[in-house]
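K.L.:
sequence first, then the predicted structure:
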2 protein chains.
Amino acid sequence: MEIVVAKHMGFCGGVKRAVEMARGTAEAADGRVFTWGPLIHNPQVVQRLERAGVHVADTLDDLHGDAFVVSAYGVEHAVLDAAKARGMRVVDATCPVVIRAHSLAFKLVEEGYQLVVVGDHGHPEMVTLKEVLQDKVTIVHDRAEAAQVKLRGRVAVMSQTTQSQENFRQIVGDLSLRTKELKVVNTLCPAITVRQEEAEKMVEAVDALVVVGGHHSANTTRLWEIGRAHTVPTYHIEVADELKAEWFAGVRQVGVMSGASTPDWIIAEVIQRLDAFGAADPVQVDS
Amino acid sequence: MEIVVAKHMGFCGGVKRAVEMARGTAEAADGRVFTWGPLIHNPQVVQRLERAGVHVADTLDDLHGDAFVVSAYGVEHAVLDAAKARGMRVVDATCPVVIRAHSLAFKLVEEGYQLVVVGDHGHPEMVTLKEVLQDKVTIVHDRAEAAQVKLRGRVAVMSQTTQSQENFRQIVGDLSLRTKELKVVNTLCPAITVRQEEAEKMVEAVDALVVVGGHHSANTTRLWEIGRAHTVPTYHIEVADELKAEWFAGVRQVGVMSGASTPDWIIAEVIQRLDAFGAADPVQVDS
């Protein structure tokens, strides 16, 4: 079995930066260091950070100690205020691409646009946006939801940074027919879209696709959706142990991709495991 | 055979206005009256106008007489200047929707946008736009062409007024992924798009579709394309004589639609002919 590894793998710049900031903060801290929710959507990385002294707060009461590290997606003001009120030093690890997208959103609302954002309900990036802009922003997850939005006056549309290109493309097209004038601001993260484009190509070439990344990771889920849409058997796993040998019986070429919050060490374990399956594969097929 | 006639039939407002203006001009004229190219894209109407005194100039030398009537799509400046130079009175029958679209195009270029227009190469509406804006406008006919356009800086996209909604929707979506910011100006004519939407519904309900309109009519061709895309047998005819009885053998429900430059009298003839086929139909099927 041949293993085809994607060109764009492992941490993106924003995740790398957040992990390094959190780790550095813990090393230099005099007291406890907290995040609100996971720093990034990869439980294995979050566990390692925990061991390095970066703790995840479950309640506002947990927020005490030396420093508060803002997660890569940003954080709600209420939480940030609570951390500050308890004298915690704030270290902002919000991804610069998310910061840019949010500031563009505020600007569009200030300019009087009705703002539609293509995103996942409940994703921290959308929750923080909604917290500030409230009813001035409408988050839509799919075309059906977008079709329900009452449009009035000047309309602008943008997206969660980890949104699917194809979903954004379709919704922008739909809105363009329902408005006299539409402002489209493309806030898709280039580091994410380049992986989606690679996935679109890879699914044409392989018999099976393994997507490695946190089960709650939006950008990893997008890669899995692309495989599923092309009807290539596609497996979204977080760690190598989830792999099953029988998935690869008869598979000649397997593609391996990763989300932007997947660390190199997990990718290495996955490739090693697939390699082992590959060696065993002919035996299994013949028996 | 049941005949289902679309709700939106016959001349749209812009065509009606142009025909009335041309006819009125001919009635009141002291000398000859000319258009450059057909007034609208329906040869039967143009023939009737010819008999009423509205002639089609083939060369610039033809332009002489009392009045020059600008066609519904507009006219090139060179032609207009020639008509004026020969002392002809200019009667502007350009469709108001086209005038609005063109003035929006000029504004976008003035504002510094790179302008992409989704349209048919060679259609008078595009030719006149290209004449004025030259290399400041890029006309694209389909997604493949749009993909070739080099985008730089601020990009705006609009459409020929008689463009297909679906084609515009797809190209807008594609461009939105290739730009940081895209201004979408929807210049599709509402009187045209309402027919396209009706066609989308009608093809789901009928066994065959007859689209009546000039073979060079862009908006009629769109309706035919919708039928073809849904694999319903679809026939684009200009006059009732083109109908063939064998097209309707076994057809229980036939839809009839018309382009926006199709006169009522042709529609009436088509329905009458289909009615006659319908009466004969059971006999043909049984024999």
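P.N.:
That came in fine, so what should we check first? This one's a predicted model, so the numbers in the text were calculated from it and none came from an experiment.

K.L.:
surely A:L151 is in a strand?
P.N.:
No: the assignment for A:L151, made by DSSP: H, G, I helix; E, B strand; the rest coil, is coil rather than a strand.

K.L.:
could you check the pLDDT of it?
P.N.:
pLDDT for A:L151: 97.

K.L.:
just A:W36 next, same as before
P.N.:
pLDDT at A:W36 comes out at 94.

K.L.:
can you read off the backbone torsions of it?
P.N.:
Main-chain torsions, A:W36, degrees, to the nearest 10: phi -110, psi 110.

K.L.:
and for A:V254?
P.N.:
phi -110, psi 130.

K.L.:
just give me the neighbour total for it.
P.N.:
24 (other Cβ atoms under 10 Å in any protein chain shown). All C-beta spots, glycine's among them, are computed from the backbone N, C-alpha and C.

K.L.:
for it, which non-adjacent residue is closest in space?
P.N.:
Ranked by Cβ to Cβ, 6 or more residues apart in numbering or on different chains and with sequence neighbours excluded, the top spatial neighbour of A:V254 is A:A208, at 4.7 Å.

K.L.:
quick one: contacts for the residue lying closest to A:Q170 once chain neighbours are set aside?
P.N.:
Closest residue in space to A:Q170, ignoring its immediate chain neighbours: A:R143 at 5.6 Å, by Cβ to Cβ, 6+ apart. Taking Cβ atoms under 8 Å, 6 or more residues apart in numbering or on different chains, we find A:R143 in contact with A:N167, A:Q170, A:I171, A:D174.

K.L.:
out of the residues you listed, which is most surrounded?
P.N.:
Neighbour max across these (other Cβ under 10 Å) = A:I171, 25 neighbours.

K.L.:
so it sits against A:A147, correct?
P.N.:
No: the pair A:I171 / A:A147 is not scored as a contact, 9.1 Å apart, by Cβ atoms under 8 Å.

K.L.:
now tell me what touches the helix or strand hosting A:A83 from outside.
P.N.:
Using DSSP states H and E, A:A83 sits in helix A:77-85. Helix A:77-85 has contacts (Cβ under 8 Å, 6+ apart) with A:F34, A:W36, A:L60, A:L63, A:F68, A:V70, A:V90, A:E131, A:V132.

K.L.:
buried residues in it, which are they?
P.N.:
Within helix A:77-85, the residues scored as buried using 16 or more other Cβ atoms under 10 Å in any protein chain shown are A:V79, A:L80, A:A82, A:A83.

K.L.:
can you give me the mean pLDDT across that helix?
P.N.:
93.

K.L.:
how about stretch A:241-255?
P.N.:
pLDDT averaged over stretch A:241-255 gives 95.

K.L.:
and for stretch A:196-215?
P.N.:
96.

K.L.:
mind checking the end-to-end distance for that stretch?
P.N.:
This stretch, stretch A:196-215, spans 17 Å end to end (Cα to Cα, to the nearest Å).

K.L.:
please state the offset of that stretch from the chain centre?
P.N.:
16 Å (Cα atoms, centre = their mean, to the nearest Å).

K.L.:
kindly report the same for stretch A:33-44.
P.N.:
The answer for stretch A:33-44 is 13 Å, by Cα atoms, centre = their mean.

K.L.:
quick check, the residue in the stretch 1-150 of chain A closest to chain B?
P.N.:
Nearest to chain B in the stretch 1-150 of chain A, going by Cβ to the nearest Cβ, is A:L104, at a distance of 8.9 Å.

K.L.:
ok, that residue touching A:M158?
P.N.:
Yes: using Cβ under 8 Å, A:L104 is in contact with A:M158, at 6.5 Å.

K.L.:
which SSE is A:E166 in?
P.N.:
Here A:E166 is assigned to helix A:165-178, by DSSP H and E.

K.L.:
report the rounded mean pLDDT for that helix.
P.N.:
97.

K.L.:
and for stretch A:2-12?
P.N.:
Here the average pLDDT along stretch A:2-12 is 96.

K.L.:
mind saving the C-alpha coords of it as PDB?
P.N.:
What follows is stretch A:2-12, C-alpha atoms only, in PDB (Å, rounded to 0.1, in the frame of the first residue of the first chain):
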ATOM      1  CA  GLU A   2       1.400   3.300  -1.100                       C
ATOM      2  CA  ILE A   3       1.000   6.200   1.400                       C
ATOM      3  CA  VAL A   4       0.600   9.600  -0.200                       C
ATOM      4  CA  VAL A   5       1.200  12.400   2.300                       C
ATOM      5  CA  ALA A   6      -0.200  15.800   1.600                       C
ATOM      6  CA  LYS A   7       2.200  18.700   1.100                       C
ATOM      7  CA  HIS A   8       0.500  20.900   3.600                       C
ATOM      8  CA  MET A   9       0.600  19.100   7.000                       C
ATOM      9  CA  GLY A  10       0.800  19.800  10.700                       C
ATOM     10  CA  PHE A  11       0.400  23.100  12.500                       C
ATOM     11  CA  CYS A  12      -0.500  26.200  10.600                       C
END
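
K.L.:
many thanks, I have nothing further to ask.
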